[in-house]
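Novice: After the sequence you'll find the predicted model.
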Amino acid sequence: MATLYLDLISPYAYLTWVQVRRDALPVRVQPVLFAGLLQAHGHLGPAEIPPKARFLIRDCIRAADALGVPFRTPEQHPFNPLGALRLALPEVAGDDQARVLDALFAAGWQQGRDLADPTVLVDALDQAELDGEGLWATAQLHKADLRAATKAAIAAGVFGVPTFEVDGELIWGNDRYSWAKARILGEEAPISPERIQAAMPQRVGAHRKR
């Protein structure tokens, strides 16, 4: 089964999740810490680059309008997503993982609530007829699982969210959702390693100072 790596801090993860749910796409969802991916690969997040942050909001409004779903940023952004991510872990949410993600994404990216606030998280789950307090208590026992999942994602080459892994191929970004869907449903063949290698540059011609 394909894997979807996501972090609730990402508006693009929200937009991708909406489509996954609509299409009932068969994926295993693995929450990971986006900040951990950024640190491992030496990247800045979009919210850390002001022109990119402004572009991102406009881009997400357009994408949300195209999907016919609400879009608002959470009360604070960036925010500490650890509590929300732990709640969404498969080891915590179990068979209710999709409902947990529905509730948390809606609270943050549709209602503009603070996804760093445990009381907001618990209330969002309670409103979705889930056991918010019980899930929160369980989540505190699984901090190591989130660290391990993030470390494993980095080792697999994941550098951003949302990212689909389909038969070893990584497909990153909400704007590539249709490609991921086609691969998952077997409607598109993978690009061969030989073709990729043939398209790679022969050498590096310039280095940027860091």
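Specialist: Nice, I can see it.

Novice: Neighbours of residue 159, how many?
Specialist: Residue 159 has 16 neighbours, counted by other CB atoms under 10 Å. The C-beta positions use only the backbone N, C-alpha and C, and glycine is treated the same way.

Novice: go on, the one 4 residues further on?
Specialist: By the criterion of other CB under 10 Å, residue 163 has 25 neighbours.

Novice: wouldn't it be in contact with residue 5 here?
Specialist: Yes: contact criterion CB atoms under 8 Å: residue 163 and residue 5 qualify, at 4.5 Å.

Novice: Find residues that contact each of the two.
Specialist: When contacts are counted by CB atoms under 8 Å, 6 or more residues apart in numbering, residue 163 and residue 5 have residue 153 as shared neighbours.

Novice: export the worst-scoring helix or strand of the chain on mean pLDDT as PDB, just CAs?
Specialist: Across the helices and strands of the chain, the lowest-confidence element by mean pLDDT, DSSP states H and E is helix 193-199, at a mean of 93. C-alpha atoms of helix 193-199 as PDB (Å, rounded to 0.1, in the frame of the first residue of the first chain):
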ATOM      1  CA  PRO A 193      15.500   4.200 -13.200                       C
ATOM      2  CA  GLU A 194      17.300   4.100 -16.600                       C
ATOM      3  CA  ARG A 195      15.300   7.000 -18.000                       C
ATOM      4  CA  ILE A 196      16.000   9.000 -14.800                       C
ATOM      5  CA  GLN A 197      19.700   8.300 -15.000                       C
ATOM      6  CA  ALA A 198      19.800   9.300 -18.600                       C
ATOM      7  CA  ALA A 199      18.200  12.600 -17.800                       C
END
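
Novice: Name the residues of it that are buried.
Specialist: Residues of helix 193-199 include none that count as buried (16 or more other CB atoms under 10 Å).

Novice: repeat for stretch 150-162
Specialist: For stretch 150-162, burial by neighbour count (16+ other CB under 10 Å) applies to 150, 153, 154, 158, 159, 160, 161, 162.

Novice: Look at the closest residue to residue 145 other than its chain neighbours and say how many residues are nearby.
Specialist: Nearest residue to residue 145, sequence neighbours excluded (CB to CB, 6 or more residues apart in numbering): residue 91, at 5.0 Å. Counted with other CB under 10 Å, the neighbours of residue 91 add up to 15.

Novice: so residue 91 is in which element?
Specialist: Using DSSP states H and E, residue 91 sits within helix 90-93.

Novice: Can you tell me which helices and strands that helix packs against?
Specialist: Judged by 3 or more CB pairs under 8 Å, 6 or more residues apart in numbering; DSSP states H and E, helix 90-93 is in contact with strand 27-31, helix 97-105, helix 132-139.
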